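>>> What follows is a predicted structure for the sequence shown.
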Amino acid sequence: MSKRYAIILAAGQGTRMKSKLYKVLHPVLGKPMVEHVLEQVKAIGLEEIVTIVGFGSDQVKEHLGEESKFVLQAEQLGTGHAVMQAESLLKDKEGTTIVVCGDTPLITKETFQKLFDHHEKAGSKATILTAKAPNPTGYGRVIRNAQNEVERIVEQKDASPEELLVDEINTGTYCFDNQALFEALQEVSNDNAQGEYYLPDVIEILKNKSEKVSAFLTPNFDETLGVNDRVALAQAEKTMKLRINEYHMRNGVSIIDPDNTYIQPDVVIEQDVVIYPGSMISGTSVIKERAIIGPNSEITNCEIGEETIVKQSVATNSKIGNRVNIGPFAHIRPEANIGDEAKIGNFVEIKKAELGHGSKVSHLSYIGDAQVGSNVNVGCGTITVNYDGKNKYLTTIEDDAFIGCNSNLIAPVTIGKGSYVAAGSTITKDVPSEALSVARARQSNKEGYATRIKNRQKDK
Ligand code: UD1
Ligand code: CA
């Protein structure tokens, strides 16, 4: 096996996307297209990856980070011109270079591997990854001779009517012998319909030099989609979504409606989890065994414990323990840490708060900047008053405390262990443990007063 290198083409603006965001940064299931490409290419083990950047180069570099070297293509004069920019880095390195477009996010590492193997086994100077497309419109067509050998690739805009009927397409992925590639690129011209230096022209140039050129036809056309506009972007999203969902289902996760469930690529889901329709699980979330998610839950960068239920709720950047019951209609904001067997009910918002084992906040409450112990009961309508308009303060509620309904806990404040807060209290001072605190106006009843008012109104 010779040394392997990669070039990722990512300099184009992507005019057809009609977007301020550069094409290769458009996300597919939350991850920029070019990042999907880099991850899959990287997985086959390479000496060096060079990404050609141009439009949005700073952002592309930021996304790909240390994994790649970068070369700037200052002017986008075509895919051949783009590859030429890597000449000084790769020309003198003996080996094989795979060239991949940053806008084909669905090609898998297995396919890249097969392409490499095919190329090396055949001893070719160039091997194109091709596919049979049900509708080849927009793609370069693979033109073969009478012996069925690849002769050249013709772009849609340069093709004759007969050539347009060819359904074998260039996926934009190739393996090249390094030296042959950079020599042939010297001869590529821009004499074509788009006035660009086409990389695919290298095929015909090598063929004319009697070098061996071949094609590896992948049966997986759905992997080879090139995303040039938003319609293709939605197709890519759909294919990626079903691929990820299938992976989880094969691993023992029940997904009730895979068409309507969105799981990002880096999410980890354990066995016997059930996911109901309308759920989105994103970022680096981890869902532990037998948890039940949805319907309609949105979980981002959370750890969800075993047998926990998250129904019709939103949770972000938080850790939720085992056998917790969340929702319907709860909002778990960043830095919540919910203990095992806790309960967070409807219209409850939790932010930057720790909730101990078995504590309950069942209805209509806001718990923010708080440290809540175990077995605490927070009554309906309780609010931690954490913000004075300038600073945020901590509310501490110790184990076994009972907070009556509609209480305001004005932070900084501590509610002692085992204490009671009477319903409707506005607590401004610490409550000692085991105390009952009542902090509300006393009720006074004026007998017959309502009748007097009504009579007065009648007289007017
Ligand atoms: C290209 C191929 C076509 C193939 C299709 C597969 C050429 C001339 N055509 O067409 O045969 O069927 O991909 O999807 O190669 N780029 C640069 N610098 C440039 C131009 C493009 O870096 O100067 C990058 C783009 O960012 C993109 C990739 O190269 O990631 C492909 O360019 P694009 O313009 O999308 O080519 P297609 O017209 O799709
Ligand atoms: Ca393209």
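Received, thanks. Numbering: from 1, shown residues only. Ligands and ions are numbered 1, 2, ... in the order given.
>>> Which single residue of the stretch 201-350 of the chain approaches ligand 1 most closely?
Residue nearest to ligand 1 within the stretch 201-350 of the chain: residue 226 (2.6 Å; C-beta to the nearest ligand atom). The way it works is simple: take the backbone N, C-alpha and C, and place the C-beta from them, glycine included.
>>> quick one: contacts for that residue?
101, 103, 104, 138, 139, 171, 172, 232 (C-beta atoms under 8 Å, 6 or more residues apart in numbering).
>>> Show the pLDDT at it.
Note on residue 226: pLDDT of 97.
>>> Roughly how far does it sit from residue 151?
Distance, residue 226 to residue 151, by C-beta to C-beta, to the nearest Å: 22 Å.
>>> Kindly report the same for residue 365.
On the measure of C-beta to C-beta, residue 365 and residue 151 end up 72 Å apart.
>>> Comparing these two, which residue is more hemmed in?
Ranked by neighbour count (other C-beta atoms under 10 Å), residue 365 and residue 151 place residue 365 first, with 24 against 16.
>>> where does the stretch 201-350 of the chain dip in pLDDT?
Judged against pLDDT under 70, the stretch 201-350 of the chain has no low-scoring part.
>>> which parts of it sit against ligand 2?
Selection of the stretch 201-350 of the chain residues close to ligand 2 by C-beta under 5 Å from the ion yields 226, 228.
>>> Do you have the helices of this protein handy? List them.
33-42, 57-64, 79-84, 87-90, 109-122, 161-164, 178-185, 201-208, 230-250, 449-459 (DSSP state H).
>>> JSON lines for those, including distance to residue 147 and mean neighbour count?
Converted to JSON lines, these look like this (distance: least, C-beta to C-beta, whole Å; neighbours: other C-beta atoms under 10 Å):
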{"stretch": "helix 33-42", "distance to residue 147": "32", "mean neighbour count": "23"}
{"stretch": "helix 57-64", "distance to residue 147": "41", "mean neighbour count": "17"}
{"stretch": "helix 79-84", "distance to residue 147": "26", "mean neighbour count": "23"}
{"stretch": "helix 87-90", "distance to residue 147": "32", "mean neighbour count": "16"}
{"stretch": "helix 109-122", "distance to residue 147": "15", "mean neighbour count": "18"}
{"stretch": "helix 161-164", "distance to residue 147": "18", "mean neighbour count": "11"}
{"stretch": "helix 178-185", "distance to residue 147": "21", "mean neighbour count": "20"}
{"stretch": "helix 201-208", "distance to residue 147": "12", "mean neighbour count": "22"}
{"stretch": "helix 230-250", "distance to residue 147": "34", "mean neighbour count": "16"}
{"stretch": "helix 449-459", "distance to residue 147": "103", "mean neighbour count": "9"}
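>>> Give the rounded mean pLDDT of the longest strand seen in the chain.
Secondary structure of the chain per DSSP state E: the longest strand is strand 168-177. In this model, strand 168-177 has a mean pLDDT of 98.
>>> ok, it near ligand 1 or not?
Yes: for strand 168-177, a contact with ligand 1 is found by C-beta under 6 Å from any ligand atom, at 169, 170, 171, 172.
>>> same check, this time on stretch 48-67
Yes: using C-beta under 6 Å from any ligand atom, stretch 48-67 reaches ligand 1 at residue 52.
>>> Let's see the distance spanning that stretch from one end to the other.
9 Å (C-alpha to C-alpha, to the nearest Å).
>>> So what's the gap between it and the chain middle?
In terms of C-alpha atoms, centre = their mean, to the nearest Å, the centre of stretch 48-67 is found 18 Å from the chain centre.
>>> In the chain, which residue sits nearest ligand 2?
Using C-beta to the ion, the single residue of the chain nearest to ligand 2 is residue 226, 3.8 Å away.
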